[in-house]
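K.L.:
Provided below are the primary sequence and the corresponding predicted coordinates.
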Amino acid sequence: MFSLRSLSLRQCRSSTTCTRAAVRRALQQRVISSTPRRHAEPSATPEPQLPAGAASEPKGKEKAQEAEASKGVKKDELPLLQRPLGVHAKPRPQGKETWEEKKEKYLDQDKRLAERHHLAREATRGYFSDLSATRHHGGKTWIAPKVMIREDKALYFPDISGTPLSGKEKVHTSNVLAGKVSVVTLLTTRISEIQTAMFTQPTQDAFGSHPLFQRVQINLQDNLLKSFLVSLFASGIRKTVPEALWPTYLISSQNIEYLREPLGIANRHVGYVYLVDPKMKVRWAACADPKSEEIAALLTCTKVLLDRSSKEQQAAQDSPPPEPTAEQKQE
């Protein structure tokens, strides 16, 4: 009985092993035989062909990121100067404000509205806003034009009073700038001195000996303490400025708070350069760190103005004197 049972168990095991082996062989044969057939048979639906260059085109998030980056680059670019700088009224030497002028200022509705807008704008500015703005483009807010502003569109440079290095009496820019082609620089800090010198030195070297050319530097310190210190150390400034430029180097403590917007002064810590014609109109302007094309533009525009002024002066000298009137003849 025991031998029959063991024999039946062996037969079952052997049959199970054979069955497993047969199944394994059948599966292997099926996989092997069907694989090449699968590769050889063409697919029922053809794969769509992509157009040339489609693989390299950005998709989805990559395209959005590139678009945002391009927008950021455009926003980061500085604009050209968009408007003429200066004031509309022809400048004249400004003395102490009279009672009539004060009365007109406080009763004029337009002037009061302008005063209100100015105070509101200044109230929203932080104390260190100008200093923090120097982190972007070094405080530069616009790029100088490559050509001059047309004379009929140009505005006047305002009157600013100051004491020249050559004397102690105050002078006014409305008297200094008349009849000359002037490169005017506004200095407030040491960095502004370096910036304006880089702008104007090539023009000074080229036209410094021209009788109609002058370089006017205005050291503007509207803070009383800074103004006192600058006046106290005026002798040190004389050592750094050539003696020929002393008459046109003005130390001023005039408050130009209401002239900053007309002159395009968006940052107190950088330098500003203005090309002023003999009629005291601002024909070109620049600010902050100079670009090579801006330096070249100042040189070219100054040459054009000097040539025109020389021709006008020569024509005025060659023209015959006006005939005396009947009243002058009787006298």
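P.N.:
The structure has been received and is ready for your questions. All values reported here derive from a predicted model rather than from experimental measurement. Residues are numbered from 1 along each chain as shown.
K.L.:
Enumerate every residue touching A154.
P.N.:
A154 makes contact with 84, 86, 277, 281-283, according to CB atoms under 8 Å, 6 or more residues apart in numbering. No exception for glycine: its C-beta is placed from N, CA and C like everyone else's.
K.L.:
of those residues, closest to I194?
P.N.:
Using CB to CB, V282 is the member of the contacts of A154 that lies nearest I194, at 22.7 Å.
K.L.:
tell me the secondary structure for that closest one?
P.N.:
strand (DSSP: H, G, I helix; E, B strand; the rest coil).
K.L.:
How about P320?
P.N.:
Under three-state DSSP, P320 comes out as coil.
K.L.:
Just give the number of residues close to it.
P.N.:
Per other CB atoms under 10 Å, the neighbour tally for P320 reads 5.
K.L.:
Then D205?
P.N.:
D205: 10 neighbours (other CB under 10 Å).
K.L.:
Quickly list the domain ranges of this structure.
P.N.:
The chain breaks down into these domains under automatic domain parsing: 98-127, 139-315.
K.L.:
okay, those domains, which one's buried deepest?
P.N.:
Of all the domains of the chain, domain 139-315 has the most neighbours on average by mean count of other CB atoms under 10 Å, namely a mean of 18.
K.L.:
Now the terminal residues of that one, how far apart.
P.N.:
Domain 139-315 has an end-to-end distance of 44 Å (CA to CA, to the nearest Å).
K.L.:
do stretch 236-255 as well
P.N.:
Stretch 236-255 end-to-end distance (CA to CA) = 24 Å.
K.L.:
give me every residue that touches P211.
P.N.:
Residues in contact with P211 (CB under 8 Å, 6+ apart): none are found.
K.L.:
pLDDT weak spots in this structure?
P.N.:
Within the chain, the segments meeting pLDDT under 70 span 1-24, 26-76, 95-98, 101-102, 105-106, 118, 121-137, 321-331.
K.L.:
Quick one: the helices in it, in order.
P.N.:
In order along the chain, the chain carries the following helices (DSSP state H): 2-40, 61-76, 99-107, 109-123, 129-133, 173-176, 190-207, 224-232, 234-240, 292-318, 326-330.
K.L.:
Contact partners for T248?
P.N.:
164, 176, 214-217.
K.L.:
again, only using 7 Å
P.N.:
T248 makes contact with 176, 214-217, according to CB atoms under 7 Å, 6 or more residues apart in numbering.
K.L.:
Specify which member of the residues you listed is nearest to A206.
P.N.:
Closest to A206, out of all of the contacts of T248 and judged by CB to CB, is R215, at 11.6 Å.
K.L.:
so how far is D318 from the closest residue to that closest one other than its chain neighbours?
P.N.:
Nearest residue to R215 in three dimensions, chain neighbours excluded: V183, at 5.0 Å (CB to CB, 6 or more residues apart in numbering). As for V183, its distance to D318 is 28 Å (criterion: CB to CB, to the nearest Å).
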